[in-house]
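> Provided below for reference: sequence and predicted model.
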Amino acid sequence: MLNVSAILGRPAETGLLRIALACGLAALPVTVSAKDQSKPWKVSGKLLGEPDPKHPAEAERSEKARDVSGIACATDTGFPRICLVADDESQGAQVAILRDGSLVAGRFIRLIDATRNGKPLELDAEGVAYADGAFYVIGSHGRPRREHGQDAEGDARAEATRHLFRIRLDPNAVDPETGQLRAEPEITGTAALARIIADIPALAPFHDRALEEGGVTIEGVAVRAGRLHAGLRGPVLADGGAAVVSVPLAGLFDGKPAAGTLATVALGPDSRGQKRGVRDLVAVPDGFLILAGPMHDPEGGAVAAGDYTVFAWDGTGALRKRLDLPGYPDREKPEALLPLDERSDGQRVLVFFDGPKEGAPRALMLPR
C-alpha cells in the first residue's frame, strides 16, 4: 500500500497526493548561459534501452538507455511522482519514481514484441503523456532513416513504430521506493493514428517517407480535454509551419469515426537557417509547451546555442518564446521536457537528452 504520509511527510503535499491517488493517478500538473545549467540529476537502478538481440524478452539484459525520448508523470506538483519513461531503442516504457533531484528506474513494461529475422524491432517510442488516469506512449510512426528504408525490412521497422498505447497503473500497486509493480498494468494499443494522419491532405504526401525526405515523424504527444495531440518533427510544411495533429481519443481507442485536425506552428530556423520541428509536446494548464529543434540533425551532431527552444502555445494562436537552450556537445540532443514547478523567477522544467546514458536529466528555469 502506498503510504503517502511516509513518502512526503508534509501535510500539504500529502493531501495533494491523496487527492491524486483517489482519482486514480490524477492528471499532470533569452538563451540560458552555461553557468545557469544544473548538474544532471542522479538516476538509480537502470533505465533500459536497446534490448539484447539474443534475449529480447529479458528486460534486465537490455543496454542502459542512451536515447531517452519521453517522460510524463501522474501528478504535476510535489514529490515523489509516479512517472513513465521511454527510450526510443526499446520495445516499451519504464516506470520511474521522480524525486526532487533524482530518479529511480523501476519496472519495464513491454509494449511490442515484434521481430525481423529473429532480431527485435524497436517501437521507436518518441513521446509519453498522462491524462485522466492513464499514460500514453506513442511510436514515431516513421520509416527508418538508415539502411533498409524501402525494402521488406524497412516495412517491418516502420510497422513496428505505428502504435499508440494507453497504460493504466493502479497507484497502490506501485512501490514508491523502487518503482516495481505489485499488479500488472492495463494496456490498450491502437494502430489507428497512422491512417488518420495519412488522410490529412497536407500530410498525405509525406506518409510512409523517411525523415530525410520530410516524412511523417512524431516526436511529441500530449492529451487534454479528450483529444490526443501529436507533435511532428517532420514534415515542416512549405510555409515553415511544423505540424501538430489533434484527434479525439474515442476515435483512436473506441472505434468511433474520427478525423484529424491539423494545426501548424512557426518555430523558426535553427542556427544554420534550417527548419525546425516539434521535438516534444507537453500539456500544461494554459495550453502546451513545445520543445522545438532541427528537423534534420546537423552534420557532426553538435548542438549550437538557440538550435533548441521552448515555446508556450495556447493551442490556437501565436507562440511565445520561453527560452533558447544553450549549445550541447556532439551527440547530446534535448529530447524530452517535463514541467516541475512554478517559482518566483519562472517555471522549472527537467530536460532529458538523447545521447548520454539514462538521459542525463537537468533542470532549467523558463523565465516568465
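That came through, no problem. Numbering: from 1, shown residues only.
> can you give me the helices in this structure?
Counting by DSSP state H, the chain has helices at residues 4-8, 11-22, 152-161, 192-198, 249-253.
> and the longest one, what's its mean pLDDT?
Over the span of helix 11-22, the pLDDT mean works out to 38.
> Ok, the last one next?
Average pLDDT, helix 249-253: 97.
> now stretch 311-321
Computed over stretch 311-321, the mean pLDDT rounds to 94.
> Return the set of buried residues in that stretch.
Within stretch 311-321, the residues scored as buried using 16 or more other C-beta atoms under 10 Å are 311-313, 315, 319. In short, each C-beta sits where N, CA and C put it, glycine included.
> do stretch 272-282 as well
275-282.
> Show me those that map onto strands.
276-282 (DSSP state E).
> quick one: which of the residues you listed is nearest Ala59?
The nearest member of these to Ala59, counting by C-beta to C-beta, is Asp280 at 24.6 Å.
> Check the offset of stretch 296-304 from the chain's centre.
Between the centre of stretch 296-304 and the centre of its chain there are 21 Å (C-alpha atoms, centre = their mean, to the nearest Å).
> Run through who's touching it.
Applying C-beta atoms under 8 Å, 6 or more residues apart in numbering, the external contacts of stretch 296-304 come out as 211-212, 270-272, 274-275, 307, 325, 327-334, 355.
> So how do I select the buried members of those in PyMOL?
If you want just the buried ones from these in PyMOL, going by 16+ other C-beta under 10 Å, the selection is:
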select buried, resi 211+270+275+307+325+328+332+333+334+355
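> Which residue ranges of the stretch 51-200 of the chain form strands?
Under the criterion DSSP state E, counting those that start in this stretch, the stretch 51-200 of the chain contains strands at 68-73, 81-87, 92-99, 102-110, 115-116, 119-120, 125-131, 134-139, 164-168, 186-190.
> just the stretch 251-368 of the chain next, same as before
261-266, 276-284, 287-294, 309-313, 319-324, 333-343, 346-354, 362-366.
> In its sheet, which strands sit next to the last one, and in what direction?
So that's strand 362-366. Neighbouring strands of strand 362-366 in its sheet, by DSSP bridges, are strand 346-354 (antiparallel).
> Flag every buried residue along the partner strand.
Buried residues in strand 346-354, counted by 16+ other C-beta under 10 Å: 347-354.
> cool, and stretch 239-255?
Across stretch 239-255, burial judged by 16+ other C-beta under 10 Å covers 241-249, 251-253.
> First-to-last residue distance for that stretch?
End-to-end distance of stretch 239-255 (C-alpha to C-alpha, to the nearest Å): 34 Å.
> Closest one to Tyr136 out of the buried residues of stretch 311-321, please.
When the buried residues of stretch 311-321 are compared against Tyr136 (criterion: C-beta to C-beta), the nearest one is Gly315, at 17.4 Å.
> Look up phi and psi at the closest one.
When read as degrees, to the nearest 10, the backbone of Gly315 gives phi 100, psi -10.
> Not counting sequence-adjacent ones, nearest residue to it?
Gly287 (5.1 Å; C-beta to C-beta, 6 or more residues apart in numbering).
> okay if I get the buried residues of stretch 239-255 as TSV plus distance to Arg157?
Output for the buried residues of stretch 239-255, formatted as TSV (distance: C-beta to C-beta, whole Å):
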residue	distance to Arg157
Gly241	28
Ala242	24
Ala243	22
Val244	25
Val245	22
Ser246	27
Val247	24
Pro248	29
Leu249	27
Gly251	26
Leu252	22
Phe253	25
